[in-house]
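Chemist: all I have is the shape, not the residue letters:
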């Protein structure tokens with residue numbers, strides 16, 4: 001299949017928009033968000049339930065159309081998210097490659113849930129110059145309160161590099177202990193992020209837990225878009 005053929009691949013979409021990145025290492029930078037429809041998990045605390053069934057895609061777009069819109073915004077930072085943006089197999093791989101080749105894009109970070117193998121995407125980063133310099137993963141490792149902890153693919157942790165982020169969404173103190181156990185048990189070069197579930201884990205309590213644990217290498221991850229706008233506001 002040629003590059004031109006890849007550009008005609010169509011994906012189910014939720015939205016493409018620009019705002020500031022709301023969390024992680026690049027929080028605050030103007031960012032183009034590309035939200036692909038559908039997800040292979042159903043986390044209990046999910047805040048983007050509109051991005052998967054029984055909801056319907058907002059529209060379909062070819063990879064060429066997605067790239068054109070991203071290029072039009074002209075932002076250096078792009079967040080590819082969902083749902084789960086890497087669940088569409090060859091189409092996901094082609095989209096990641098195409099976005100990494102947009103000249104204005106300097107940082108393409110992919111929010112993925114840990115239940116899709118990263119291996120083909122890491123291989124892309126190792127073999128393609130543009131992806132090698134721009135592609136990063138923000139892996140949301142599921143904990144017990146999510147209801148999806150058993151779906152995590154352990155091998156993914158060892159595939160993360162120093163440019164990547166490993167996010168733990170923490171709903172309660174059991175989740176906090178589980179996140180610490182993952183970090184103690186598994187080797188990963190990624191930056192660990194501890195993010196409170198907005199409704200059930202007061203940020204101040206999470207800070208107390210981090211400090212009491214003595215951990216010096218984890219970062220509190222606040223979703224600043226939920227401070228700037230109402231937590232249920234979409235497209236921001």
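Modeler: Okay, I see it. Just so it is clear, the model here is predicted, and its values are computed rather than measured.
Chemist: kindly list the longest strand within the chain.
Modeler: strand 10-20 (DSSP state E).
Chemist: buried residues, that strand. List them.
Modeler: Counting neighbours by 16 or more other CB atoms under 10 Å, one finds that the buried residues in strand 10-20 are 11-16, 18-20. C-beta here means a position set from N, CA and C on the backbone, and glycine is covered the same way.
Chemist: average model confidence for it?
Modeler: For strand 10-20, mean pLDDT is 97.
Chemist: next one: phi and psi at residue 61?
Modeler: Residue 61 has phi and psi values of phi -140, psi 150 when expressed as degrees, to the nearest 10.
Chemist: looking at strand pairing, list the partners for it.
Modeler: On the basis of DSSP bridges, residue 61 takes part in beta bridges with residue 11.
Chemist: my read is that it contacts residue 9, right?
Modeler: No - at 9.8 Å, residue 61 does not count as touching residue 9 under the criterion of CB atoms under 8 Å.
Chemist: share the number of residues neighbouring the closest residue to residue 64 other than its chain neighbours, please.
Modeler: Of all residues not flanking residue 64 in the chain, residue 7 sits nearest, at 3.7 Å (CB to CB, 6 or more residues apart in numbering). By other CB atoms under 10 Å, the residues close to residue 7 number 16.
Chemist: next up, the contacts around residue 7.
Modeler: 62-64, 67, 98 (CB atoms under 8 Å, 6 or more residues apart in numbering).
Chemist: with residue 205 as the reference, measure out to it.
Modeler: 48 Å (CB to CB, to the nearest Å).
Chemist: same thing with residue 152?
Modeler: From residue 152 over to residue 205 (counting by CB to CB), the distance is 25 Å.
Chemist: regarding the residue nearest the centre of the chain, what is its secondary structure?
Modeler: Centroid-nearest residue in the chain: residue 111, 1.1 Å away (criterion: CA atoms, centre = their mean). Here residue 111 is strand, with the state taken from DSSP: H, G, I helix; E, B strand; the rest coil.
Chemist: for the spatially closest residue to it that is not a sequence neighbour, give me the pLDDT.
Modeler: Ranked by CB to CB, 6+ apart and with sequence neighbours excluded, the top spatial neighbour of residue 111 is residue 81, at 4.2 Å. pLDDT, residue 81: 97.
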